[in-house]
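Student: Please work out how this folds:
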Amino acid sequence: MARQVNTLFLEQWLRTNSGAISHTASGHSLSARAVIQVWSELRDSLQNQTFHPHVLQSLKTLLNSQASLHVADPQAKLLLSLLSSPSFNLPSESYPILLRLLYIWVRKSVRPSTALIDSAVDVLSRVFAAEFGLKKSPSFLAEGILIFGAISFVLSASESSKTVCIELLCKLLEEDYQLVRSCEEIIPDVLAGIGYALSSSLDVHFVRVLDSLLGIWGKEDGPSSTVPTALMILHLVEWVVSGYVKSHSFKKLEAFSQETLRTLKTNYVPFALLMVAAGVLRASRHAANGQGLEIVSTLRISAENRIVFIAQNLISKTKGFINSDKDPTNSLLLQCLSLALARSGAVSFSAPVLVCLASALLRKIFPLRHLYIQILQFLNSSRSELGLNEIKKHLDSVLFKEAGVITGVFCNQYVSADEESKSLVESLIWDYCQDVYSVHRQVALLLRERKDELLVNLEKIAESAFLMVVVFALAVSKHRLNSNFSREIQRENSVQILVSFSCLEYFRRMRLPEYMDTIRRVVACVQENESACISFVESMPSYVDLTTWQDFSSKKGMEYEWSKDEVQTARLLFYVRIIPTCIERLPALVFRRVVAPTMFLYMGHPNGKVARASHSMFAAFISSGKDSEDDRVLLKEQLVFYYMQRSLEGYHDITPFEGMASGVAALVQHLPAGSPATFYCIHCLVDHANKLFGNASTLKADDWKNWQGGPEPCKKIIELLLRLISLVDIQVLPALMKLLAQLTVQLPKTGQNMVLNELYAQVAESDDVTRKPTLVSWLQSLSYLCSQAKTEVVNSKGRESKENSASPGTIEPLSWDRPNARM
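Tutor: Numbers count the residues shown, from 1 in each chain. The predicted structure follows:
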C-alpha cells in the first residue's frame with residue numbers, strides 16, 4: 001500500500017485534529033554532538049552490561065527530539081541488542097522509551113531492511129512474552145501497540161512478520177485494554193497502532209482489529225468515551241480509508257464498509273460508528289474519477305445511512321428531546337453528531353439529522369438554559385463556589401470553537417428540509433430566544449453587582465448563540481419570504497424573526513451584514529400590512545411588565561429598577577428603532593394603548609441613546625398619517641401636552657436636546673395650523689428658558705458672546721425657538737415672535753446681540769416671501785427694543801444710585817412693562 005503523506009507520526013496527527021495537546025515535546029532538538037554522546041553511552045552500557053541511571057535520562061532527552069531525530073539501522077540494532085541481552089537488567093521505565101525509538105526508526109526509514117525488521121519482530125515478541133506481564137504499564141502497552149502496528153504497515157516487512165505483529169497487537173488490545181482507562185493520554189498512540197494495522201497490506205485479523213476499534217469503548221472497564229477520542233476516531237478512519245482509495249485497495253475498502261457501515265454489531269458503540277461514518281465521508285471527498293468512484297459513491301451512501309440511523313435512534317431514545325436529557329451517553333452522541341457533520345462536509349437532508357443538529361446547538365453548543373439553572377441554584381444556595389471552570393472549559397472546547405461550521409451545516413439541512421421539519425426547528429429556535437431573554441435578565445441583574453468573570457464568560461456563549469440565530473434567520477427569510485408562500489405566512493415569519501431578534505438584541509456587539517440583510521427583508525414585509533404591524537407592536541412587553549417584576553422582587557428580596565435592566569432596555573431599544581419603519585400602518589388606538597406609555601417611559605431613561613430613540617419615535621408618529629385621519633390628529637395633539645412636560649422635566653440632565661428638538665420640530669410642522677398644542681409647546685419652551693435664565697443670571701456678560709459655553713441649556717432652547725421661526729405655521733408665528741422678543745430683551749447685551757445676529761442671518765437667507773416681510777419688520781422692532789431696554793437699564797441704575805444715596809434702604813424693582821407693551 002502507498003504511504004499516506006504528511007502523517008509521519010499518525011498519533012501526533014490525531015492529537016492535532018482532536019484539539020488535544022501533544023504530550024511529546026517534539027519541538028526540542030538536540031545537537032549532533034549530544035545525540036552521538038547518547039548513542040555512545042548506550043553502547044558502553046551494552047558492552048559493560050550495566051545500565052546507569054544517567055543513561056535513562058539521556059534516553060529521555062533523546063526522545064524529546066523526536067521530530068528531528070533519525071534512527072538509522074545501526075542504532076536500531078543497538079536498541080534491539082539492549083532489549084534482547086539476557087544478562088542486561090533494564091529498568092521498567094526504559095522499555096517504552098526503547099520501543100518509541102524503534103518506532104521512530106520504522107516510520108522514518110524509507111525502506112528498512114527486511115532482515116532487520118524480521119529480527120526486530122523476533123526480539124519484540126520475546127520481550128512481550130517475558131517482560132510485559134511483569135512490567136505492565138499503560139505506556140508499555142501503548143508503545144507496543146504502536147510499534148506492532150507500524151511494522152505491519154511497512155511495505156518491505158515479510159508477511160510472517162506482519163502477521164505476528166497484528167496478532168500481538170490484537171492480543172494486547174483484547175487482554176489489556178483496561179490499562180488504557182487508567183491513562184487516557186495514550187489513546188492517540190493506541191489508535192495510531194490500530195490505524196497502521198488496518199492499513200497493512202494483509203487482511204489477517206482485520207475484523208479483530210475493527211472489533212477493538214469500535215468495541216473497546218463499550219466495555220465496563222474500558223477507556224472513557226470523550227469528544228477528543230471521537231474526533232481521533234473520525235480522522236483515523238479518514239486516514240485509513242484515504243489510503244485504501246489512493247492505493248486502489250477496493251477489496252479492503254469493501255470489507256471495511258461491510259463490517260462498519262452495513263452490519264450492526266451489538267458490541268460496537270454508536271459514537272464510534274458515527275465517527276467512522278463521518279471519517280468515510282471526509283475521505284470520500286478526495287476520491288478521484290476512475291475505477292473506484294462507484295465504490296466510493298456506494299460507500300458515501302452507506303455512511304450517510306448510518307448517520308441517519310443513529311440520529312433516528314437517538315431521537316427515539318430521548319423521545320424527541322422533549323425533556324432535558326442527562327444521560328452522558330446521549331449527550332456525547334449529540335455532540336459527536338454535530339462535529340461529525342461539521343467535519344465531513346455536505347450530506348443529504350434527513351429530518352432526524354436536522355432535529356439532532358438543532359438540539360445539539362441549543363443544548364450542547366450554546367447550553368445557556370443548563371448554565372442558567374446552575375447559576376440560579378448556586379445563588380439560591382449557601383455554596384461558596386460556582387462552576388466557572390465549567391464555562392471556561394466549554395469556551396475552550398472544540399465543540400464551541402466549531403459552532404460556526406455546525407451552524408452552517410444546520411442551515412444547509414434546513415434549506416433542503418420538508419415543511420414539517422422546517423416548522424419544527426423554527427419553533428425550537430424561536431422558543432430558545434424567548435427563554436434566553438427571560439432568564440438572562442434575571443441572571444444579569446443578580447450577577448451585575450459581582451463584576452466577576454462569570455457573567456462575562458456566560459455572555460460570550462450568548463453572543464455566539466446570537467450569531468447562530470442571525471445566520472438561521474437569514475436562511476429562513478430567504479426561504480420563506482418569496483412568492484412560493486402566502487402573504488400571511490411571510491408576515492408571520494417576519495414578525496417571529498423580529499421578536500426573536502429583539503430578545504437577543506442585548507448580545508449584538510458588532511455590525512453584521514447578515515443581520516442587516518435579514519432586518520431589511522422582514523421589515524419590508526411587515527410594514528406593508530396593518531395586521532403584521534399590530535402583531536409586532538403588541539409583542540412588545542407592556543408598561544406594567546417593564547416597570548414591575550413581582551416574581552423577581554419577591555424571590556430575590558431585591559427592589560426591581562427598570563432602568564438598570566440592561567437586557568430589557570436593549571430589547572425595547574430594538575422595538576423603538578423598528579416601529580418608526582412601520583408606523584404609517586399602525587392604527588392610532590394601538591399606538592396610544594401599547595406604544596405611547598413605553599415611549600414616554602424610556603424618554604426618561606438615563607441612557608442618552610435610549611432616550612433619543614424614544615424622541616425619534618415620537619417625531620415619527622407625529623409626522624405619520626394624513627390630516628384627514630381625525631383620530632390620529634386628535635391623538636397627536638393630546639400626546640404633545642404630556643410630551644412637553646416629560647421632555648422639559650428631564651431637561652437638561654436626562655432629556656437629550658437633540659431628541660427633544662427633533663420632536664418639537666416634528667410637531668410644529670405636522671400638527672394642524674393654529675393647533676392649541678403648538679401654542680402650548682412654544683409657551684413651555686419659553687417658560688423653561690426663563691427658568692433656566694433666572695438660574696444663570698449671575699453669569700458674566702462674556703458667557704453670552706457665542707452659542708457655546710456658559711448657560712448652554714438656556715442657549716439651546718433659545719436656539720431651538722429661533723429655528724422654529726421658519727417652521728411654525730403663519731397662525732402661530734405672531735405668538736412665537738412675541739414670546740421670543742420678551743425673552744430676548746431680558747438677556748444681557750451680549751446675549752441680545754448674539755440672538756439678533758442669528759436672526760439677521762436667518763432672515764437674510766430666507767426665501768419665504770410670505771413671512772419674510774413680517775420677520776423683517778419684527779426684527780427691526782426687536783433691535784430697537786433691545787437698544788431701548790439697554791437705555792432704560794442705564795437710566796434706572798442712575799436713578800437707583802441717586803435714591804440709594806438719599807435713602808439706602810429703598811430699592812425699586814426693574815420693570816419690563818413698557819418694552820413688552822410696545823411689542
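Student: what about the stretch 551-700 of the chain, any weak spots by pLDDT?
Tutor: Counting by pLDDT under 70, the stretch 551-700 of the chain has low-confidence residues at 552-557, 695-700.
Student: I'd like to know which elements the helix or strand containing Ala524 is packed against.
Tutor: Assessed by DSSP states H and E, Ala524 sits inside helix 513-526. Applying 3 or more Cβ pairs under 8 Å, 6 or more residues apart in numbering; DSSP states H and E, we find helix 513-526 packed against helix 453-480, helix 487-503, helix 530-538. The C-beta positions use only the backbone N, C-alpha and C, and glycine is treated the same way.
Student: Taking helix 487-503 as reference, get the angle to it.
Tutor: Relative orientation of helix 513-526 and helix 487-503, computed by axes from the mean of the first three to the mean of the last three Cα atoms, to 10 degrees: 130 degrees.
Student: how about helix 513-526: buried residues?
Tutor: Tyr515, Thr518, Ile519, Arg521, Val522, Val523, Cys525, Val526 (16 or more other Cβ atoms under 10 Å).
Student: Include distance to Asp435 and mean pLDDT when you put the helices and strands packed on helix 513-526 into a markdown table, please.
Tutor: Below are the helices and strands packed on helix 513-526 laid out as a markdown table (distance: least, Cβ to Cβ, whole Å; pLDDT from 0 to 100):
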| stretch | distance to Asp435 | mean pLDDT |
| --- | --- | --- |
| helix 453-480 | 11 | 95 |
| helix 487-503 | 9 | 96 |
| helix 530-538 | 20 | 96 |
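Student: Tabulate these (TSV), appending distance to Ala403 and mean neighbour count.
Tutor: TSV is the format used below for the helices and strands packed on helix 513-526 (distance: least, Cβ to Cβ, whole Å; neighbours: other Cβ atoms under 10 Å):
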stretch	distance to Ala403	mean neighbour count
helix 453-480	6	20
helix 487-503	18	21
helix 530-538	29	19
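Student: Contacts for the helix holding Ala524 next, please.
Tutor: By Cβ atoms under 8 Å, 6 or more residues apart in numbering, the list of residues contacting helix 513-526 from outside reads 470-471, 473-474, 477-478, 481, 490-491, 493-495, 497-498, 501, 508, 532-533, 536, 578, 581-582.
Student: Go again with 6 Å.
Tutor: By Cβ atoms under 6 Å, 6 or more residues apart in numbering, the residues outside helix 513-526 that reach it are 470-471, 473-474, 477, 481, 490-491, 494, 497-498, 532, 536, 581-582.
Student: now do stretch 274-285
Tutor: Counting by Cβ under 6 Å, 6+ apart, 230, 233-234, 237-238, 241-242, 260, 296, 299-300, 303, 306-307, 310, 336, 340, 344-345 sit against stretch 274-285.
Student: Select, out of the helices and strands packed on helix 513-526, the one closest to Val353.
Tutor: Minimum separation from Val353 across the helices and strands packed on helix 513-526 (Cβ to Cβ) falls at helix 453-480, 15.7 Å.
Student: Only C-alpha atoms, please: export stretch 258-270 in PDB.
Tutor: Below are the C-alpha coordinates for stretch 258-270, written out as PDB (Å, rounded to 0.1, in the frame of the first residue of the first chain):
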ATOM      1  CA  GLN A 258     -19.400  -4.200   5.200                       C
ATOM      2  CA  GLU A 259     -18.200  -4.500   8.800                       C
ATOM      3  CA  THR A 260     -18.700  -0.900   9.900                       C
ATOM      4  CA  LEU A 261     -21.500   0.600   7.900                       C
ATOM      5  CA  ARG A 262     -23.700  -2.300   6.700                       C
ATOM      6  CA  THR A 263     -23.500  -4.700   9.600                       C
ATOM      7  CA  LEU A 264     -25.000  -3.900  13.000                       C
ATOM      8  CA  LYS A 265     -23.000  -5.500  15.800                       C
ATOM      9  CA  THR A 266     -24.200  -5.000  19.400                       C
ATOM     10  CA  ASN A 267     -20.700  -4.600  20.800                       C
ATOM     11  CA  TYR A 268     -20.000  -1.600  18.500                       C
ATOM     12  CA  VAL A 269     -20.700   1.600  20.400                       C
ATOM     13  CA  PRO A 270     -22.800   4.200  18.500                       C
END
